[in-house]
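Novice: this is a predicted model, with the sequence first.
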Amino acid sequence: MRKLGWKELPPGAINPWAGNFMEVKTGSFRGGLKPVFHEEHCIHCLFCWVFCPDNAIIVEDGKVRGINYDYCKGCGICTVECPTSPKSLTMEKEELQL
Amino acid sequence: MGVRARLKDLAGLEDKFVSGHGLCPGCGIPIMLRLVLRATEYPIVAVNATGCLEVCSSGFPYTAWKIPWMHNAFENAGATAAGIEAAYKALKRRGKLPGGDKKIKIVAFGGDGGTYDIGLQSLSGAMERGHDIVYICYDNQSYANTGGQRSGATPFGASATTSPAGTKLPGKLQWRKNLTEIMAAHGIYAAQASVSHWKDLFMKAQKALEIDGPAFLNVLIPCPTEWKTKPEDGVRLAKIAVDSKVWPLYEVENGKYKINYYPKKEVDVVEWLKPQGRFAHMFKPGNEWMIEEYRRRVNEEWERLVRLTKA
Amino acid sequence: MAERKILNGNAAVAEAIRQIDPDVVAAYPITPSTAIVEYIAKFVADGLMSAEFVTPESEHSAMSMCVGASAAGARVFTATASQGLALMFEILYIASSLRLPIVSGIANRALSAPINIHGDHSDTMGARDSGWIQIYSENSQEAYDNIIQAFRIGENPDVSNPVMVGMDGFILSHAVQDMLVEEDSKVKAFVGERKPLYNILDVDHPITVGPIDFTDYYFEHKRSQFVGMENAPKVILEVAEEFKKEFGREYGFFELYKMDDAQLAVVVIGSTAGTAKVVVDQLREDGKKVGLVKLRVYRPFPAKELADVLSSMRAVAVLDRAASPGAVGGPLFTDIRASLYEYEKRPILVDYIYGLGGRDIAPKHIAGVYERLERIAATGERGELIGYINLRE
């Protein structure tokens, strides 16, 4: 986003662009590990979804479809809270994107 | 309102707090938020005390909020929410609400610093005056936003930057303030919840949002950064806090205490303490008394709570 | 028809608020402004007002509520003094930074320590950099008139800025005076409806209010905030003009009293102007060319307008009812001195600190000030820059 000059700013320091943090991709927070979804084991309990701090579990029609790596910060909560055996989500190495 | 506590249903609802925010990996705050913001069909106007959530969700020119949101200062989320509520009532009465006459819920969020400590007076005043607001404390047990100083919510024994474990002093020597009961003493709906028990949290949020009048939730929020734990362990630890009776799930409604969850098996406090770096010094030789004291006090408070439910 | 009433300053302010009937009144009692809050509470209890009247547990919360309510589009009033204003200090800045109109009545009182409940200007002068418009009153009538105008000024979309209206604690707040109270409907019509710049209750158009700024935006936001204060002078004069048309009483940035051919002048804020006018009248009878400037609007400071008047004087004394330890004089003095810097012809200036903690200032003290100005004008010698009036050695 281009940095606005003082005459262009909305009054009273308000931000009228609701939800525009979506423009900031927090996938860059990951430090070399990312969760990987294994659909074949998934029971779609959605624990991964409810416990994800970054809305990074993609759910469609009540089913887990994968991970949104644009926002996943790689915390790994989803892999710990996944109740299946073997796990439907596991942490795996990834190349650091610098 | 008829939102069912089913994850399949909840996942189909829009996120009003979006991705892109700067909260730490593994932070428990958004877990609480996504549930609370789905717990009512009334539009919510949010107020936020200064703290992790405020700082990480509002860095201009960005915002993670798709609902009206306001930050005033650190110690006044209660009063700010009360002011918005007073305006809402007046404008509604005078037919001057923007977008016409509709029911709106005002929800304030504050960390333990902004709630247990610096904001307690403002919160107490707002609750005493009976404003129709819900106040939710996201209790991560320290001033996490400023690097982990002790708060009135920091547990006994924890090493925080202003109660560090040193060669003479073994971390924080005081027990945490019992904020939930302080709020219950206002004669309002007050409840304690944990992000680990999402359904319990969701239903308490629903109840609080349905009440015409003040309500208070104290939600345990794992903070990997200041608890010195692995980020993936937060929810698991919050669950251990509940199972070990360190953080009982209970509510006080019309003066009646109700424990919402009785742990099924014995879980010792060591399981809560051991994985957290902030308690590491308690496991050093000579500090055994600290774990003893922790265990004794947790059990004593649990038994007291059980007695209160029978009163 | 306007009605003649005998009211003290607190009652006069409360009367204006009854007529305006804002959306929200949130105020905490403190001497000497307590009665404003009590009167309003009674008006609400008797059904004479339908405002949402809230009694917070502190002034800090009172101002915090005002900020929340104003962000919700409400017309908001509070009242305070002294320690109460000091406790609000943090939130005063937030109110102005978020461009939130709030009107606060102030019964000016000394700041602790020692604790003292009597009138001086230490409280509001301490808040002079908070970004609030500051208007001061000489008597009950002015307090009433200023409150009415304050809503119009602060809520003007070009200004959208909080306003504090000062009156001297006890001297005005508790002393009854003969004054005119205008018709309810006329006052209501004059004040009109508030049209907020934004509204936190507009759930269909969600906004984020009070964000965190980093080094890349704070400065721009601050600069854009100042626009409200910069637009205020024009609006203050327009509102005064309309007020005169509607109610007949004249207001500006300041009042000039017998200044047309004056060579020696005193500048003063608030009730002391009444005393000083008596002295000016007496000295004029003796043929002395003396005059008085009573400043009404302190923020925004009418630097050019004031300096235009004062630059042709031979000697000017500024009376400050507040001290600024370590500064070059009282707050009013330093502002006036700075305003005159641009002028090649300017008077010799002296400052007096007076009336702290409610210490009396009598006609003889003010006459003494004029005598000194005469000596300065005659000899060209100023002497001490800062003096103290009616202070025991």
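Specialist: Received it, and whenever you're ready, just let me know what you need.

Novice: and the stretch 51-200 of chain C, which residues reach chain B?
Specialist: By CB under 8 Å from any CB of the partner chain, the residues of the stretch 51-200 of chain C that approach chain B are C:51-52, C:54-58, C:60-62, C:64-74, C:76, C:90-91, C:94, C:199-200. Placement of C-beta: from N, CA and C, glycine included.

Novice: out of the residues you listed, which end up buried?
Specialist: Neighbour counting over those (16 or more other CB atoms under 10 Å in any protein chain shown) leaves C:51-52, C:54, C:56-58, C:60-62, C:64-74, C:76, C:90-91, C:94, C:199-200 as the buried ones.

Novice: tell me which of those residues fall in helices.
Specialist: C:60-62, C:64-71, C:90-91, C:94 (DSSP state H).

Novice: what bridges to the residue in the stretch 251-393 of chain C positioned nearest to chain B?
Specialist: Per CB to the nearest CB, residue C:299 is where the stretch 251-393 of chain C lies closest to chain B, at 22.2 Å. Here residue C:299 sits in beta bridges with residue C:134, as judged by DSSP bridges.

Novice: what's the nearest residue to residue B:136 if we skip its chain neighbours?
Specialist: Leaving aside its sequence neighbours, residue B:136 sits nearest to residue B:217 (CB to CB, 6 or more residues apart in numbering or on different chains; 4.7 Å).

Novice: what comes into contact with the helix or strand hosting that neighbour?
Specialist: With elements taken from DSSP states H and E, the one containing residue B:217 is strand B:215-220. Residues external to strand B:215-220 that are found in contact with it (CB atoms under 8 Å, 6 or more residues apart in numbering or on different chains): B:28, B:32, B:115, B:123, B:127, B:133-139, B:141, B:179-180, B:183-184, B:186, B:188-196, B:201, B:204-205, B:207-209, B:238, B:241-242, B:247.

Novice: do stretch A:22-35 as well
Specialist: With contact meaning CB under 8 Å, 6+ apart, stretch A:22-35 is reached by A:1, A:54, A:67, A:69-74, A:76, A:78-79, A:89-94, A:96-97, B:18-22, B:25, B:62.

Novice: so for it, mean pLDDT?
Specialist: For stretch A:22-35, mean pLDDT rounds to 96.

Novice: so residue B:244 touches residue B:263, yeah?
Specialist: Yes. In this structure residue B:244 lies within contact range of residue B:263 using CB atoms under 8 Å: 7.5 Å.

Novice: compare these two (neighbour count), which wins?
Specialist: residue B:244 (22 against 15; other CB atoms under 10 Å in any protein chain shown).

Novice: helix, strand, or coil at the residue lying closest to the more buried one once chain neighbours are set aside?
Specialist: What sits nearest to residue B:244 in space, not counting adjacent residues and going by CB to CB, 6+ apart, is residue B:267, at 4.3 Å. Per DSSP: H, G, I helix; E, B strand; the rest coil, the local secondary structure of residue B:267 is coil.

Novice: contacting residues around residue B:267?
Specialist: So residue B:267 contacts B:240, B:243, B:244, B:245 (CB under 8 Å, 6+ apart).
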